[in-house]
Structure formats: C-alpha cells, structure tokens
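>>> generate coordinates for the sequence data below:
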Amino acid sequence: MADNMGCTTSSTTAVESPNVMTRNAEAADIVNEIKTHLRNLPHVHARTSPYQNQNGAPERIKLEDSQLCWKNSLEGYNPTDYHASVLLREPKFPWADVLDPKGIVFNALDQSCRHDRSSHEGVYLVNEANRPMNPRGRCGLSGRGLLGRYGPNHAADPVVTKWKRGTDGKKELNQDGDPILEFVAIQRKDTGDWAIPGGMVDPGENVSVTLKREFGEETMASMELSPEDQEILDKKLTEVFKEGIEIYSGYVDDIRNTDNAWMETVCVNFHDEEGTSFQKFKLAAGDDAGGVAWLPFTKDIQLYSTHAIFIETIYKMRLCLHGKN
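From the prediction side, this is the model:
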C-alpha cells in the first residue's frame, strides 16, 4: 500500500518509527505548500511580449496584476486573436482543434478526440463565443497561439533525481553539509533554456505512460532505437518508474499561454536513493532537445518556466525524507 507521499510500505509486519512518520508528514507538507503557492501566483511568463519573445510575433496587451482577473472589467480590452499558421493548415493535425470552437464541450472528456478538457484547477469559465477562459486570467492575447487545443493542453514532467556521489560511492556534500541533489535536464531547442524533460499527453493516454515515454524520447533518444532496443529500454524504464511522488498538478505559467489556451502539467519525482537504478541508462538528447545532462541543484539555478520551483521543492522534500531539515 502507499502512504500519502506515494512511498510503498509493507501491508504485513513493517511498522514505521516515529521519526520516519514525522519526516513523511513534513515532506508531504512541503509538497502541499508549493502546490498552494503556485496556484496563488499571478502568471508572468504568460504575459511575455511579443509572443514567445520572437521577432514578428504579435504583441500582447500589457497588463498589471490587478487587471488579470476576469471578474474585474477592463474597458477597451480587445487583444489580438492569434493562431499559429501550423494550426490552420489543411488537413489539420490530429492534435489541433478546429478554428471555431462552437461545437466543443469544455470541462469534460471530449469523446470526439479523446482529449481531456477538464482542468486540474477546477471548472473554468467559457465565454459567449464558447471559448474557454484562462483560469489565471487575462494574458493580453486571445486565440490558441502555438497550442493545439482550446482550454487546457495537458503535459507530464518526470523529474528523475539522485544524490551526487564521488568515485568512492559516497554522497558529496555542499557547503551546508547537505547531500547534493542531481536531476536529469534537457536543453530546449526553442528557447535554449535548461528544463525538466516532458511532453504532451496523447489522447486517451494515461499520465503514467506519458511520463515514461517522454523521458525515454527526450533523454535517451528512444525514437532512434531499433524495435528490439526500444523494448529493452522500455522494460528498464518500467522498473525504475514504478514509484513516484507527485509534486504538482495544475496550471503552468508558460510563454505559449493565451486567454483561451493554456498549459497544465503533472510533475512526478522518481528518485534513485542508492544511486544504482539510473546508472544503467545512457543519456542521449532526442530530436526535441539540444542537450541532456545530470545537473546539480543550486539555490540560484535558472530553468524554464516554473521548473526551478519544482526542483527546489523536490530538494527540500528529499532532504526531509533523507533525515535532514
């Protein structure tokens, strides 16, 4: 059975000590605190102008934090309606909605395309044109931008971590005397930022499958392997991805977001406490990544979107479970 941190415990004779139970409770508090914190933050990256910081892209209307909420009227608010050309091509891609969303049912599973249009944030508003309204408020740009779906576009971010070890196998410590946490990161080709590997949830796909698939595609170039080698890699990934702790599920402050389309993710941590499970994998950047590496967590680390917050949360949680506060 699993406790509230996703850690498995024996259902027969194993009994946790008071210290372990306290650490588990404190670790759960750390995760719950960051979930609450992220859900109360106004989006910032989603207001970046021009769109995606690209020359020639449409400009967003500049907005103050107090102007984001849909409940607060904003006289003269008439943002550019932008849909990237790739979304308008015919025949359209299967991951893209039609331009006019009038026939789409939101806040539910869309049986026509098997896309889950419900949100981790709860029920979101839909305007008179049957366009969903970003749950974090205005972005200064309407339409879908580069996102395929109106409403939530679901992704999954697997965070694979281990303690940094020396050649003697012992954990290396930082200046505070705490073990150093390393995580697998990719360098995005679109922005050049280092980021957690991840990707979109395919229609009808379970998030647990997405987590494993995206890690293989982005950090091990699994798409370039032979069918036989892919099968071997899949078995290895299945073994190490058996247990994970969900760090966050919800809205992502992403530069691709608009008033009517936004990114959401499920972020799950898979940790190699003993430093042996992930040694069997050879990292190799997939087509979507410019590079891949084990990076050490530092307090001033710069990562894509809110990924640095995810890593910091995991570091605090793992120190707590490790017995360090």
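
>>> tell me the spacing between L99 and V44.
29 Å (Cβ to Cβ, to the nearest Å). Backbone N, C-alpha and C define where each C-beta goes, glycine included.

>>> oh, I was asking about I186
Distance from I186 to V44, by Cβ to Cβ: 23 Å.

>>> point out where the stretch 201-325 of the chain drops to low pLDDT.
222-223, 280, 323-325 (pLDDT under 70).

>>> try it again at 50.
In the predicted model, the stretch 201-325 of the chain carries pLDDT under 50 at residues 325.

>>> mind checking what secondary structure V292 has?
strand (DSSP: H, G, I helix; E, B strand; the rest coil).

>>> I figured it was touching V184, is that so?
Yes: at 6.9 Å, V292 counts as touching V184 under the criterion of Cβ atoms under 8 Å.

>>> one step back: of I186 and V44, which one has the most company?
I186 (25 against 12; other Cβ atoms under 10 Å).

>>> show me what stretch 265-283 is in contact with.
120, 154-163, 165, 169, 184, 196, 198, 207, 211, 219-220, 236, 239-241, 243-250, 252, 292-294, 310, 314, 317-318 (Cβ atoms under 8 Å, 6 or more residues apart in numbering).

>>> now, those residues that are in strands?
Among the contacts of stretch 265-283, the members falling in strands (DSSP state E) are 154-163, 184, 245-250, 252, 292-294.

>>> for PyMOL, what selects the buried ones among those residues?
To isolate the buried subset of the ones in strands among the contacts of stretch 265-283 in PyMOL, counting by 16 or more other Cβ atoms under 10 Å, use the following:
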select buried, resi 154+155+156+157+158+159+160+161+162+163+184+245+247+248+249+250+252+292
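
>>> which stretches in the stretch 201-325 of the chain count as helices?
With DSSP state H, counting those that start in this stretch, the ranges of helices along the stretch 201-325 of the chain come out as 207-219, 227-240, 307-322.

>>> pull out the buried positions in the second one.
When neighbours are counted by 16+ other Cβ under 10 Å, the buried residues of helix 227-240 are found to be 233, 237, 240.

>>> pull the number of nearby residues for P79.
18.

>>> isn't it up against S142?
Yes: checked against Cβ under 8 Å, the pair P79 and S142 is within contact range at 4.9 Å.

>>> rewinding a little: pull up the overlap in contacts between V292 and V184.
Among the neighbours of V292, those also in contact with V184 (Cβ under 8 Å, 6+ apart) are 197, 219, 283.

>>> contacts only, for S142.
Counting by Cβ under 8 Å, 6+ apart, S142 touches 79-82, 131, 258-260.

>>> would you list the phi and psi of it?
In terms of degrees, to the nearest 10, the main-chain angles of S142 are phi -100, psi -180.

>>> does it have beta-bridge partners, and which?
D81 (DSSP bridges).

>>> quick one: pLDDT of it?
On pLDDT, S142 comes in at 98.

>>> again with the one 5 residues further on
What the model reports as pLDDT for L147 is 97.

>>> got the phi and psi for G145?
phi 60, psi -120.

>>> I misspoke; the intended subject was D178.
phi -100, psi 150.

>>> do I have it right that it meets K316?
No: if you go by Cβ under 8 Å, D178 and K316 don't touch, sitting 10.3 Å apart.

>>> beta partners for the residue lying closest to F215 once chain neighbours are set aside?
Closest residue to F215 in three dimensions, ignoring its sequence neighbours and counting by Cβ to Cβ, 6 or more residues apart in numbering: P158, at 4.6 Å. Beta bridges link P158 to V268 when assigned by DSSP bridges.

>>> same thing with the one 5 residues further on?
When bridges are called by DSSP bridges, W163 pairs up with L181.

>>> enumerate every residue touching it.
Residues in contact with W163 (Cβ under 8 Å, 6+ apart) are 171-172, 179-182, 273, 275.
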